[in-house]
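Visitor: I'd like to go over a predicted model; first the sequence, then the structure.
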Number of protein chains: 2
Amino acid sequence: MMIIGEKINGTRKQVAAAIRERDAASIEALAREQVEAGADYLDVNAGTEPDREADDLIWLVQTVQQCVEVPLCLDSPNSATLKRAISAVDQLPMINSISGEQERLEQVLPLVAEQQCPVIVLALDQAGIPQTVDDRLNIIAHLVNATRQAGISDDKLYIDPLIMAVSTSDDAGLIACETIRSIRRQYPLAHITGGLSNMSFGSPVRKYINQAFLVLALEAGMDSAIMDPCSPDMLPLLLAAEVVLGRDRFCNKYNRAFRAGKLG
Amino acid sequence: MMIIGEKINGTRKQVAAAIRERDAASIEALAREQVEAGADYLDVNAGTEPDREADDLIWLVQTVQQCVEVPLCLDSPNSATLKRAISAVDQLPMINSISGEQERLEQVLPLVAEQQCPVIVLALDQAGIPQTVDDRLNIIAHLVNATRQAGISDDKLYIDPLIMAVSTSDDAGLIACETIRSIRRQYPLAHITGGLSNMSFGSPVRKYINQAFLVLALEAGMDSAIMDPCSPDMLPLLLAAEVVLGRDRFCNKYNRAFRAGKLG
């Protein structure tokens, strides 16, 4: 599973303060701990007002890529910000994100096509958050049609089924898993990602909900997650689930993680 | 999920010693801790030589039912032992087990029919452990045919798909899950149980393998498990998986467990 570390996000108080104060050490610490824990990409989101967002994001990009080697996932609702940030990255970034919101799609799609970079595809449009599996699949079909027409191959796509909270809807887990299963069937070359911990928003002892969903989403066909890789037990459980699903030949990855002291 | 606590088993050194020394306090402690953790049934297995097994099992039965109120799962390969132990129980027990081994089936089936008690149905016969899903399903079909002919309704059956270890076979998890899925489809009224921790036998840091399999087996249709209910994180994760699978209306059970301090 491809892990996108979510911690460098300016909507978090600690990160907002670090950005404001240009406190590079704090950002570097977040970058290093996520990579050490197993992040394949690091999401960077400035979360600041449009007039300073691009400068802030570029500072984040420069700070992070000075201390770790993993590629970045540039996270902004603003295409102009993304465009400027792309010019600051050392390695091909992932773009977070396109969605069915027409304006955003029209502005961000050309950037992705030009860069031929991976992109997160949100099952969301101007009508807001889709309520059903079919609504999600319809939006995704529209978006995949657009990416294909723009010359972006399906293997660049990280489709996000829009994971909702079980605390507000009993069928949030089933909808997520069923959407994942359908995406896996319909778009075999595309990747599937999403904000894992959205599932547990508003629930007590969130870790158990996150863990259960991680295993179920993996079985359903998710092959990437936007998550906190430092969260205890999550990565060992992920490795164990791959074993039980018959996806880890001779338990090689699990045993290697054990020998490296990564199973605790 | 209906939990059968597995800890009072004479093949474990500590339990064997307690049985030998008629150390009731140790057995009572194992009984209480499992019931407090959430066991619905307690498995009792003397694990001693045939000439003393019945006496030992009856002592276990009497010791356990003096201190806890849950029903027992009488566990013996020996029909004469089961017959004597049945006469010692206060509540309708579960019988562990019948299998496709002809002699055992012929001897134990009449006991189950007479008692009209729940029974564990092992997907195993004189040829040993079946290697494939189909081999398991064939044995189960033969056994369900026999139980039906004996007048035992399917809802009394706790079918055990025979869970094997991923450390010896890469497809042990897939075989278990696929067998569970097929049993669920073919015998909608039957229950499905099994020794959860068999999956992790021989693996390092077994808990993660057990946890991943618990979630996957639950999704596949398992509704009972023979397990150590005291094992940390297992029951909270089980409750969380029921939430994510949309089987816990308004997260009532999960939230209640949280308020009772059972989510740690």
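Guide: Received the coordinates, thanks. Residues are numbered from 1 along each chain as shown, chains lettered A, B, ... in the order given.
Visitor: When you work out contacts or count neighbours from here on, use the C-alpha atoms and nothing else.
Guide: Fine.
Visitor: Can you pull out the low-pLDDT segments for chain A?
Guide: For chain A, no stretch is flagged by pLDDT under 70.
Visitor: Just say helix, strand or coil for the spatially most central residue of chain A.
Guide: Closest residue to the average C-alpha location of chain A: residue A:226 at 3.3 Å, with CA atoms, centre = their mean. Here residue A:226 is strand, with the state taken from DSSP: H, G, I helix; E, B strand; the rest coil.
Visitor: show me what contacts it?
Guide: For residue A:226, the contacting residues are A:3-6, A:193-196, by CA atoms under 8 Å, 6 or more residues apart in numbering or on different chains.
Visitor: Export those to TSV and append columns for neighbour count and distance to residue A:262.
Guide: Putting the contacts of residue A:226 into TSV (neighbours: other CA atoms under 10 Å in any protein chain shown; distance: CA to CA, whole Å) gives the following:
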residue	neighbour count	distance to residue A:262
A:3	23	16
A:4	28	18
A:5	28	17
A:6	22	20
A:193	29	23
A:194	25	24
A:195	18	23
A:196	23	21
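Visitor: tell me which parts of chain A are close to chain B?
Guide: Taking CA under 8 Å from any CA of the partner chain as the measure of proximity, chain A contacts chain B at A:166-167, A:169-174, A:204-205, A:208-209, A:211-213, A:215-216, A:219, A:236-238, A:240-241, A:243-246, A:248-251, A:255, A:258, A:263.
Visitor: and stretch A:181-191, how far from the chain's centre?
Guide: Centroid displacement of stretch A:181-191 relative to its chain, using CA atoms, centre = their mean, to the nearest Å, is 17 Å.
Visitor: Ends of it, what's the gap?
Guide: End-to-end distance of stretch A:181-191 (CA to CA, to the nearest Å): 12 Å.
Visitor: I would like a PyMOL command selecting only the buried ones among the residues of chain A next to chain B, please.
Guide: The buried residues among these can be selected in PyMOL (16 or more other CA atoms under 10 Å in any protein chain shown) with this line:
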select buried, chain A and resi 166+167+170+171+172+173+174+204+205+208+209+211+212+213+215+216+219+236+237+238+240+241+243+244+245+246+248+250+251+255+258+263
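Visitor: Now, the residues of chain A next to chain B that are in helices?
Guide: Counting by DSSP state H, the residues of chain A next to chain B place A:172-174, A:208-209, A:211-213, A:215-216, A:219, A:236-238, A:240-241, A:243-244, A:255, A:258 in helices.
Visitor: Residue A:192 is in contact with residue A:180, correct?
Guide: Yes: if you go by CA atoms under 8 Å, residue A:180 and residue A:192 touch, sitting 7.1 Å apart.
Visitor: tell me the domain ranges of chain A?
Guide: Chain A breaks down into these domains under automatic domain parsing: A:1-82, A:92-231.
Visitor: Distance to residue B:24 added to the ones you listed, as a markdown table?
Guide: Supplementary listing: the domains of chain A in a markdown table, determined by distance: least, CA to CA, whole Å:
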| stretch | distance to residue B:24 |
| --- | --- |
| domain A:1-82 | 47 |
| domain A:92-231 | 36 |
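Visitor: And for residue A:192, the neighbour number?
Guide: 27 (other CA atoms under 10 Å in any protein chain shown).
Visitor: Would you list the phi and psi of it?
Guide: Dihedral pair for residue A:192: phi -130, psi 130, per degrees, to the nearest 10.
Visitor: and it, bridged to which residues?
Guide: In this structure, residue A:192 bridges to residue A:159 when assessed by DSSP bridges.
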